[in-house]
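Chemist: Predicted structure and sequence below. I'll ask about it afterward.
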Amino acid sequence: MPASTHSPVSVLGLGMMGSALAAALLKAGHPVTVWNRSPAKSGPLVAQGAHPAAAPADAVTASPLVIVCLLTNDTVQEVLDSLGDTVAGKTLVNLTNGTPAQARRLSEWAAGRGAAYIDGGIMAVPQMISGPDAYVFYSGDKDAYEAHRTTLAAFGGTKWVGTDPGRAALYDLALLTGMYGMALGVLQAFALVRTENISAEEFSELLVPWIGAMLTGAPEWGRAIDTGRHLTDVSSIAVNQAAFPNFLTTFRDQGVSPELFEPFQTILDRAFAEGHAADGLSRLADLLALKR
């Protein structure tokens, strides 16, 4: 069999996502070295042609590009601290979910040891990796990103968001914030209709298009937030603040906890009290900013 013309890549961490990333690299034709704290997880990938490494340093030595995908950035730091000088001259791409501050600290750590650092935010579940809807945010060392962009494209679309190493994590968490907010509302709605023995699955047929229709207003909210012009003739703070107690009362009457929604009443009350009654809900983004 002829030698691969694709550059070698090492993957540290073989959870569901790390395994999906390694499999995508193998499928794209790259020689792949894998390491996981529990060696048994490397078995399926070895069967596909990956090379197992006994230790993280062995994996790092094997390739110029090292993909890191562990459970937390605390674990990433622990593993990186064990590598010594083996990272010098390497490009580290950390695809572990974490915070912007953590990404910046890891970038400083890498720079101090002669390694290039790229942070990434994966916008996909493992099953989507390498598919048409998967993409990854990247930030940090732009030269290293450009050098390895073709390899990183094995995971899906590549979206560069800046040289600040923390920017990819910020984009990632901001999109996930929207997702979790939506999920909490959906789950609360399901809990509510089930108190009357209404099928949650059947109700979803109404809920999905409704949420989609409401999300079409997001660009308008964005413009209001960017310009600071929050006056609205659609649905004001005053209208929402007056109506929202009906939700909390109904939740309690129906035997559903209001704990997910009580904070929304609190900020509506504050917005009203601070003189924003005529503004739209976009004003709440300003009120969410913590004073420093």
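Modeler: Thanks, I have it. Numbers count the residues shown, from 1 in each chain.

Chemist: Go through the chain and flag its longest helix.
Modeler: helix 167-194 (DSSP state H).

Chemist: And that one, how far out from the chain middle?
Modeler: 12 Å (Cα atoms, centre = their mean, to the nearest Å).

Chemist: do the same with stretch 155-172
Modeler: For stretch 155-172, the distance to the chain centre is 10 Å (Cα atoms, centre = their mean).

Chemist: quick thing: my sequence starts at 307, can you match it?
Modeler: Yes, from this point I'll number from 307; that puts the last item at stretch 461-478.

Chemist: Would you mind listing the buried residues in that stretch?
Modeler: 461-462, 464, 466-467, 470-478 (16 or more other Cβ atoms under 10 Å). Yep, even glycine has a C-beta here, placed from its N, CA and C like the rest.

Chemist: swap in stretch 527-543?
Modeler: 527, 530-531, 536, 538, 542-543.

Chemist: now that stretch: mean pLDDT?
Modeler: Mean pLDDT, computed over stretch 527-543, is 94.

Chemist: With only the CA atoms kept, save it in PDB.
Modeler: Extracted C-alpha coordinates of stretch 527-543, given in PDB (Å, rounded to 0.1, in the frame of the first residue of the first chain):
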ATOM      1  CA  TRP A 527     -33.700  42.600  18.000                       C
ATOM      2  CA  GLY A 528     -30.100  42.500  16.900                       C
ATOM      3  CA  ARG A 529     -30.400  45.900  15.100                       C
ATOM      4  CA  ALA A 530     -32.100  47.400  18.200                       C
ATOM      5  CA  ILE A 531     -29.400  46.100  20.500                       C
ATOM      6  CA  ASP A 532     -26.600  47.300  18.200                       C
ATOM      7  CA  THR A 533     -28.100  50.800  17.700                       C
ATOM      8  CA  GLY A 534     -29.600  51.200  21.200                       C
ATOM      9  CA  ARG A 535     -33.000  52.000  19.700                       C
ATOM     10  CA  HIS A 536     -35.400  49.700  21.600                       C
ATOM     11  CA  LEU A 537     -38.800  51.500  21.200                       C
ATOM     12  CA  THR A 538     -41.300  49.100  19.700                       C
ATOM     13  CA  ASP A 539     -44.900  49.000  18.500                       C
ATOM     14  CA  VAL A 540     -45.000  45.200  18.600                       C
ATOM     15  CA  SER A 541     -44.700  43.900  22.200                       C
ATOM     16  CA  SER A 542     -43.400  46.300  24.900                       C
ATOM     17  CA  ILE A 543     -41.800  45.700  28.300                       C
END
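
Chemist: So what touches that stretch?
Modeler: 523, 574, 577-578, 582-589, 591-592 (Cβ atoms under 8 Å, 6 or more residues apart in numbering).

Chemist: so where's the stretch 357-506 of the chain shaky on pLDDT?
Modeler: In the predicted model of the stretch 357-506 of the chain, no residue satisfies pLDDT under 70.

Chemist: any chance you could map the helices in it?
Modeler: 362-368, 379-387, 406-417, 448-458, 473-500, 506-521 (DSSP state H, counting those that start in this stretch).

Chemist: As a markdown table, those helices with distance to residue 561 would be great.
Modeler: Listed next are the helices of the stretch 357-506 of the chain as a markdown table, based on distance: least, Cβ to Cβ, whole Å:
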| stretch | distance to residue 561 |
| --- | --- |
| helix 362-368 | 51 |
| helix 379-387 | 40 |
| helix 406-417 | 40 |
| helix 448-458 | 49 |
| helix 473-500 | 9 |
| helix 506-521 | 16 |
